[in-house]
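A.B. asks: I'll drop the sequence and a predicted model, then ask my questions.
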Amino acid sequence: MITNFKIPYIILIFDYLKTNTMIKLYNGSFSSSSFHRVTILCSIAELIEIIGEPQHYANDGSDKVNVEWDCITDDGIIFSIYDWKYFREVDEDEDIEFHIGGRSFIETFNAQVKLLRMIEEHRTPESKAFNELKDIYNNED
C-alpha cells in the first residue's frame, strides 16, 4: 500500500482520474442499437473493474449473450458492450471478443477507441498505484 504520499497529492491524482473517465454505465432508456463490426478483446473481469458491474449477467451459456453493459461516453454516445454467441460459461479472466453495439459505425468506433484507451491504462503497472490511491481517498471518511 502506498503510504508516503501527502493527502493533497492523493486528492489531486484522484480528481484527475475522475475527470478523465471517458465511459460510464448508462441506466437510461436505450434502443435501436446494432452491431457495426466493431469489437474489443478483453475479459469480463477487466470490464467490471473499468466500467462496473454489467446490467445483464447470466454467464451460463444458455443465451446468445452472457454479459452486457449499457454505457455512455463523456461526449454523450450511448452504446452497449456484450459477448456474442459463446454458448458456454465464460471464465471471467478469459480474454474474449466483445461486440460494441450502437447507432452507427462512427459512434461504435468512437466508443471502441475510448474503451481501448481505458483498457490500456488499466493494464499498466501505474494503474495499481492509482487504484490504491482511490482506495485511500475513498476510505478517509
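C.D. replies: Thanks, I have the structure now.
A.B. asks: these two touch, right, I44 and V67?
C.D. replies: Yes - between I44 and V67 a contact is recorded at 5.6 Å, counting by C-beta atoms under 8 Å. Using the backbone N, CA and C atoms, a C-beta is placed for each residue, glycine as well.
A.B. asks: Would you mind confirming that L115 makes contact with I81?
C.D. replies: Yes - using C-beta under 8 Å, L115 is in contact with I81, at 7.3 Å.
A.B. asks: where do the contact lists of these two overlap?
C.D. replies: Shared contacts of L115 and I81 (C-beta atoms under 8 Å, 6 or more residues apart in numbering): 40, 100.
A.B. asks: Return every residue with contacts to both of I44 and V67.
C.D. replies: Joint contacts of I44 and V67 (C-beta under 8 Å, 6+ apart) are 54, 59, 83, 90.
A.B. asks: what residues are up against the last one?
C.D. replies: It stands for V90. 44, 59, 61, 66-67, 83, 96.
A.B. asks: Also T39?
C.D. replies: Applying C-beta under 8 Å, 6+ apart, the residues near T39 are 97-100, 112.
A.B. asks: one more time with 10 Å, if that's ok
C.D. replies: Neighbour list for T39: 81, 84, 96-100, 108, 112 [criterion: C-beta atoms under 10 Å, 6 or more residues apart in numbering].
A.B. asks: Surely it is within a helix?
C.D. replies: No - applying DSSP: H, G, I helix; E, B strand; the rest coil, one finds T39 to be strand, outside a helix.
A.B. asks: surely K24 meets I72?
C.D. replies: Yes - using C-beta atoms under 10 Å, K24 is in contact with I72, at 6.2 Å.
A.B. asks: In terms of neighbours, single out the busier of the two.
C.D. replies: I72 (17 against 13; other C-beta atoms under 10 Å).
A.B. asks: State the helix or strand in which that one lies.
C.D. replies: Secondary structure assigned from DSSP states H and E places I72 in strand 67-73.
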